[in-house]
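*Asks:* Fold the following.
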Amino acid sequence: MRVTVGGALVLMSAFAGMQMIWAQSPVPGDTRPAQTATQKDLLAAEFEKLRFDYGNAVAKFEDRDAPRGRLLGGEIKVRDMTGHPAHEYLQRFKDIAGRTGNPAYGLIANQDLIVVAGVVGDTQAQDVAVTRLVEHFADTPGMEKFISSLPARPEKGFIVPISATPRAVYASMGLFDGFFMNLPPAQRAKKVLDVLTQIDNATTSKSVKTGIVNARMQMARMGGDAALEKKYYEELIAKYPDSPQAKVASADVHERDTLSVGSTVPDFEAVDAQGTVFKLSDYRGKVVLLDFWGFWCAPCTALLPYNIALSKKYEGQPFAMLGINSDKDRAMFDRQARKVGINFRNAMEKSTTGTIPAAWNVKSWPTLYVIDPNGVIVAKFVGGEHEDIEAAVAQAMAGIKAATR
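*Replies:* Down below sits the predicted model:
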């Protein structure tokens with residue numbers, strides 16, 4: 001890994017120049033004697049001077065203008081990391097990060113350590129700093145901003161919004177999944193599960209414990225451990241049945257059990273754009289491409305030309321393109337439908353949380369299902385490339401021809 005840009009502490013730029021009061025207490029678990037006010041002032045000065053000196057050393061190394069006491073500044077001209085100041089300064093960052101108990105300073109000091117250690121390639125130091133952030137500074141303002149600066153993750157869906165999950169749980173998932181994305185999913189999941197256990201043992205908060213069980217379930221899923229995922233799901237439902245997490249988890253499990261490839265689709269009744277009532281079961285005997293979409297959704301409209309083309313390609317054959325449209329503005333829908341030449345039937349749900357999207361637990365738009373003539377799901381796409389969708393439809397259509405020979 002890790003998170004570096006020319007060796008500068010890019011993740012810390014938002015905090016440069018902040019005026020903060022030094023530690024009111026040592027890092028939790030620190031057995032050294034409490035610091036006097038004078039010692040705290042000296043440590044604060046030491047930390048600020050370290051950041052100042054390192055920032056200027058990096059600027060000199062990269063042959064750019066000095067950052068005037070900030071960690072960033074000037075145009076980077078050199079990216080060869082040989083002889084980078086991080087090698088000289090790493091131990092000082094390690095030392096000071098372990099002595100910072102004030103939330104604001106502790107957050108920044110350990111973030112600094114993560115980045116400096118990344119330049120050197122000291123993954124062990126990064127592990128220590130990440131764990132310290134999760135265990136002791138997860139509730140510090142600024143943690144969410146730091147997490148949002150982490151590398152993009154393939155499993156973004158596993159990181160739930162901060163408003164829906166206790167901050168400590170969010171932090172543990174975001175930090176560990178973000179910094180260790182180069183590890184196999186099972187190893188990443190194990191790291192997060194280990195930290196969640198430590199948080200669980202240290203808290204009596206019902207909301208945090210609820211979030212921890214939910215996070216454990218998601219991590220078990222990411223790690224591919226179905227039995228462990230089921231265990232945590234059952235614990236969530238049994239202990240916290242009325243929680244938002246339990247409701248979401250129940251919907252996810254229902255989707256997995258009833259709307260996975262190989263499942264027979266549930267029926268629904270809908271009203272189309274012409275005001276006619278129809279059912280999904282009306283299309284038994286045909287291959288159906290069911291598309292949850294809306295004109296408001298750019299990825300949805302990107303697929304529209306291909307879906308319109310599919311309807312034309314299989315016209316007169318046992319195929320049906322069906323849309324579950326979520327646009328709230330009916331006049332806008334009619335106008336745009338005429339403009340682009342919509343040639344397939346649409347159920348008018350008028351919302352992303354309408355009856356059918358809710359029953360099918362649709363969270364991402366577009367979501368598409370390819371359904372065979374017997375009502376069995378043969379392919380599912382959350383987003384997806386049109387070539388893959390067209391290939392799945394073609395395969396299903398070929399199955400009909402083979403069956404009628």
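*Asks:* How much space separates the closest residue to Phe61 other than its chain neighbours from Gln91?
*Replies:* Among residues not flanking Phe61 along the chain, Pro85 sits closest, at 5.6 Å (Cβ to Cβ, 6 or more residues apart in numbering). All C-beta spots, glycine's among them, are computed from the backbone N, C-alpha and C. Noted for Pro85: a distance of 12 Å to Gln91, by Cβ to Cβ, to the nearest Å.
*Asks:* so Lys94 sits right up against Gln126, yeah?
*Replies:* No: with contact defined as Cβ atoms under 8 Å, Lys94 does not count as touching Gln126 (10.7 Å).
*Asks:* quick one, domains of this protein?
*Replies:* 10-251, 269-403 (automatic domain parsing).
*Asks:* Show me what counts as buried in stretch 278-295.
*Replies:* Leu280, Tyr283, Lys286, Val287, Val288, Leu289, Leu290, Asp291, Phe292, Trp293, Gly294, Phe295 (16 or more other Cβ atoms under 10 Å).
*Asks:* Give me the phi and psi angles of the first one.
*Replies:* In other words, Leu280. phi -60, psi -40 (degrees, to the nearest 10).
*Asks:* can you give me the strands for the stretch 151-300 of the chain?
*Replies:* 269-271, 277-279, 287-293 (DSSP state E, counting those that start in this stretch).
*Asks:* Of all those strands, which one comes closest to Ala249?
*Replies:* Nearest to Ala249, of all the strands of the stretch 151-300 of the chain, is strand 287-293, at 21.1 Å by Cβ to Cβ.
*Asks:* and stretch 285-303, how far from the chain's centre?
*Replies:* 24 Å (Cα atoms, centre = their mean, to the nearest Å).
*Asks:* again with stretch 327-346
*Replies:* Centre-to-centre, stretch 327-346 and its host chain are 32 Å apart (Cα atoms, centre = their mean).
*Asks:* and Gln218, how far is that from Thr140?
*Replies:* With Cβ to Cβ as the criterion, Gln218 and Thr140 are 23 Å apart.
*Asks:* Just want to know which of the two has more residues nearby.
*Replies:* Gln218 (23 against 19; other Cβ atoms under 10 Å).
*Asks:* in terms of contact, does Ala246 touch Ala238 like I think?
*Replies:* No: judged on Cβ under 8 Å, Ala246 makes no contact with Ala238 at a distance of 9.3 Å.
*Asks:* Between the two, which is the more surrounded one?
*Replies:* Legend: neighbour count by other Cβ under 10 Å for Ala246 and Ala238, higher for Ala246 (19 against 10).
*Asks:* For Phe333, give its distance to Ala273.
*Replies:* Relative to Ala273, and taking Cβ to Cβ, Phe333 is found at 7 Å.
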